[in-house]
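**Student:** return atomic coordinates for the entry below.
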Amino acid sequence: MSETEVVTVPRPLLLNDGRSAAAAWSLDPGMLHLNHGSFGAVPLIAQQRQHELQAEMERAPVVWFPELPARIAATRAEIAGYLQVDAGDLALVPNASAGASTVYAALTARPGGDIVVTDHGYGAVTMGAERLARRWGGRVRTARVPLAADADQAYRAVMAEVDDRVALVVLDQVTSATARRLPVERIGAELARRDITLLVDGAHAPGILAAPLAGLVCDAWVGNLHKWGCAPRGTAALVARGPLREHLHPLIDSWSAAEPFPHRFDQQGTLDATGPLAAPAALDFVERTWGWETARSYMDELADYGARVIGSAIAGSAGSVESVNVGMPVPGMRLVRLPEGLGQSRVEADALRDRATAELGVEAAFTSFDGTGYLRLSAHVYNTPADYDRFAESCVPVLHDWVRQARVAG
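**Tutor:** Okay, the predicted model is just below:
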C-alpha cells in the first residue's frame, strides 16, 4: 500500500436500535475476535431460542422426543429455503465432517479404487478419505493447486489426477486454510460425464455464498450452518440429489432407519437437537436486521480493509504491501502473509494461534500452505475497522518480536 493510496474504511453495521452489531452477541469484549470462520459465533437471540427449547425438552422428555422428527423436518424446510435447495434433498448432520463420514460409509466398495483430494483440503475430511482408500485397497492422490491458480488452472490441476482408477473426488468449495474457491461447478459437470462420484465440502459456504449449490452437479454436498450462518454448533446440512442418496444413512441408527432419505436423519436417539432447531433464529436475525446481501457485502469490504491495514503494518519499513495472490478469492475472507519464520507448518500455525490467544487476547486463525504462514481473516457483521486497526497497532509489533526471539534462540 503506497503512501498516496486511499483505503476505504467501511461504515460499521448497527442494530435497529442504533447499538453496535456486537451488542447482539455475547463475545468477550476484552478479547479481539478475528476468526469467525473456525467456530462461528451464536447471536444472543439464537442462544435464547436454544435455551427455551432445552427447557421445553427437559420439562417433558416423553413428549419431546416422539414429536422431534416432525419438528426437525420443519426446520429442514426452513434451512433448505435459506440454501435455495429442495427440502427433500437435505438432511441435517452435526457438522460437515460428519456429513463427509456419512458419505464415505455409504459408498459401494470399489476394490483398488483411488480417491482424489487437493492440497487445500480440510485435514479431517482428507483423513476420512485416506481411511476409505485403505479399505478399498486404493490410494489417495493429491492434486497440487497453486494458491494463485485461477479457475482454469485449478480445473486442470484436479483433472490431471483423474483417470479410470479414480472412484471418488473430494473437493472444497471454499478452502479452510487458504480462503479460496475451487471450480467445483466445472469439475462436477465433467466428473458426472465420466460417472465419477463427487463429494463437495462446502463447510464455509452457507452464509458466505448466497446460493452455494446453484449450478453445482455433485453426488453429495456438506455445509456448516454454525460458521457464517451463526447457528448453534452441531448444525450442518447434507444435500444429495442423485442415486447415492438412497444409500445415505445417519451414523446413528434409530427408529427412523427404515424411512427414505432424508427422513431417516430426522430421528437419532436422544441426541440434543435444539441447536439445529434454533438455527432459523440466527439466520432470520441477520436477514431481518441487515439482510444477508448487505451483510455479505460489508463482510467482504471489511476483510479487504483488514488485509490492507494489517498487511501494511507487517510490511513496515519495507514500503508497500505484497498482496497475497489468491486465484479464486472468497467474499469475507482474506489471507495476510505473516512475518517470515512464523507459522510455516500446520503445527506451528496452531501453536501461534494458541500463543496469540494467551498472550495477546486475540482469537485469530493462523494457517500454513506450502511452507508459508498466513493470518486468515474472516470477518462478520459484529467486526468493525477498529478491530483490524487494533491488531495492526498492538499485535503486529509483537509478531515481529516473536520472530526476533526465535532467531536469537535458534
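
**Student:** gap between Asp284 and Gly332?
**Tutor:** 20 Å (Cβ to Cβ, to the nearest Å). Using the backbone N, CA and C atoms, a C-beta is placed for each residue, glycine as well.

**Student:** residues contacting the residue most central in space within the chain?
**Tutor:** Most central in the chain under Cα atoms, centre = their mean is His204, positioned 2.3 Å from the mean C-alpha point. Counting by Cβ atoms under 8 Å, 6 or more residues apart in numbering, His204 makes contact with Gly37, Gln173, Val174, Ser176, Gly223, Asn224, Lys227, Trp228, Val330, Met333.

**Student:** can we see that at 7 Å?
**Tutor:** Gly37, Val174, Ser176, Lys227, Trp228 (Cβ atoms under 7 Å, 6 or more residues apart in numbering).

**Student:** what's the weakest-modelled helix or strand in the protein?
**Tutor:** Lowest by mean pLDDT, DSSP states H and E among the helices and strands of the chain is helix 396-409, with a mean of 90.

**Student:** which phi and psi does the residue lying closest to Glu78 once chain neighbours are set aside have?
**Tutor:** Once flanking residues are discounted, Glu78 sits nearest to Pro280: 4.5 Å by Cβ to Cβ, 6 or more residues apart in numbering. Main-chain torsions, Pro280, degrees, to the nearest 10: phi -60, psi -30.

**Student:** for Asp219, see how far away Pro280 is.
**Tutor:** Distance of Pro280 to Asp219, given as Cβ to Cβ: 27 Å.

**Student:** same thing with Gly361?
**Tutor:** As judged by Cβ to Cβ, Gly361 and Asp219 stand 44 Å apart.

**Student:** more neighbours, those two?
**Tutor:** The neighbour comparison of Gly361 against Asp219 (other Cβ atoms under 10 Å) goes to Asp219, with 24 against 13.

**Student:** correct me, but the more buried one touches Asp195?
**Tutor:** No: contact between Asp219 and Asp195 fails when scored by Cβ atoms under 7 Å: they sit 10.4 Å apart.

**Student:** low-confidence bits of the chain, can you list those?
**Tutor:** Counting by pLDDT under 70, the chain contains low-confidence residues at 1-6, 317-322, 410.

**Student:** tell me, how many residues neighbour Gly18?
**Tutor:** Other residues within reach of Gly18 by the criterion other Cβ under 10 Å amount to 7.

**Student:** can you list the domains in this protein?
**Tutor:** 21-30+291-409, 46-285 (automatic domain parsing).

**Student:** buried set for stretch 105-120?
**Tutor:** Neighbour counts over stretch 105-120 (16 or more other Cβ atoms under 10 Å) mark Ala106, Leu107, Arg110, Gly113, Asp114, Ile115, Val116, Val117, Thr118, Asp119, His120 as buried.

**Student:** equivalent analysis for stretch 324-338, please.
**Tutor:** The neighbour-count check on stretch 324-338 (16+ other Cβ under 10 Å) flags 324, 326-338 as buried.

**Student:** format the residues you listed as TSV; extra columns: secondary structure and distance to Ala189.
**Tutor:** Putting the buried residues of stretch 324-338 into TSV (DSSP: H, G, I helix; E, B strand; the rest coil; distance: Cβ to Cβ, whole Å) gives the following:
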residue	secondary structure	distance to Ala189
Val324	coil	29
Val326	coil	23
Gly327	coil	20
Met328	coil	17
Pro329	strand	22
Val330	coil	21
Pro331	coil	23
Gly332	coil	27
Met333	strand	25
Arg334	strand	29
Leu335	strand	28
Val336	strand	34
Arg337	strand	34
Leu338	coil	37
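
**Student:** farthest pair within the contacts of His204?
**Tutor:** With Cβ to Cβ as the measure, no two of the contacts of His204 lie farther apart than Ser176 and Trp228, at 12.7 Å.

**Student:** and the strands in the stretch 101-250 of the chain, which stretches?
**Tutor:** Secondary structure of the stretch 101-250 of the chain (DSSP state E, counting those that start in this stretch): strands located at 114-118, 140-143, 166-172, 197-201, 220-224, 236-239.

**Student:** out of the ones you listed, which gets nearest to Ala60?
**Tutor:** strand 236-239 (27.7 Å).

**Student:** so which elements touch the closest one?
**Tutor:** Strand 236-239 sits against strand 90-93, helix 96-106, strand 220-224, with contacts defined as 3 or more Cβ pairs under 7 Å, 6 or more residues apart in numbering; DSSP states H and E.

**Student:** list the contacts of it.
**Tutor:** Contacts with strand 236-239, where a contact means Cβ under 7 Å, 6+ apart, come from 79, 83, 85, 89-96, 98-99, 102, 213, 220-225.

**Student:** 8 Å instead, please
**Tutor:** By Cβ under 8 Å, 6+ apart, the residues outside strand 236-239 that reach it are 79-80, 83, 85, 89-96, 98-99, 102-103, 203, 206, 213, 220-226, 248, 262, 265.

**Student:** now stretch 359-379: buried residues?
**Tutor:** 360, 362-369, 372-379.

**Student:** and it, C-alpha only, in PDB?
**Tutor:** Presented in PDB, the C-alpha positions along stretch 359-379 are these (Å, rounded to 0.1, in the frame of the first residue of the first chain):
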ATOM      1  CA  GLU A 359      -0.600 -13.500  25.400                       C
ATOM      2  CA  LEU A 360      -2.400 -11.000  23.100                       C
ATOM      3  CA  GLY A 361      -6.100 -11.800  23.900                       C
ATOM      4  CA  VAL A 362      -6.800 -12.300  20.200                       C
ATOM      5  CA  GLU A 363      -8.900 -15.000  18.600                       C
ATOM      6  CA  ALA A 364      -7.300 -15.300  15.200                       C
ATOM      7  CA  ALA A 365      -6.700 -18.000  12.500                       C
ATOM      8  CA  PHE A 366      -3.100 -18.700  11.700                       C
ATOM      9  CA  THR A 367      -2.700 -21.100   8.800                       C
ATOM     10  CA  SER A 368       0.000 -22.600   6.600                       C
ATOM     11  CA  PHE A 369       0.300 -23.500   3.000                       C
ATOM     12  CA  ASP A 370       3.300 -24.700   1.000                       C
ATOM     13  CA  GLY A 371       5.700 -23.700   3.800                       C
ATOM     14  CA  THR A 372       4.400 -20.200   4.200                       C
ATOM     15  CA  GLY A 373       2.500 -18.900   7.300                       C
ATOM     16  CA  TYR A 374      -0.600 -16.700   6.900                       C
ATOM     17  CA  LEU A 375      -3.100 -14.800   9.000                       C
ATOM     18  CA  ARG A 376      -6.500 -15.800   7.700                       C
ATOM     19  CA  LEU A 377      -9.100 -13.000   8.200                       C
ATOM     20  CA  SER A 378     -12.800 -14.000   8.300                       C
ATOM     21  CA  ALA A 379     -15.000 -11.000   9.100                       C
END
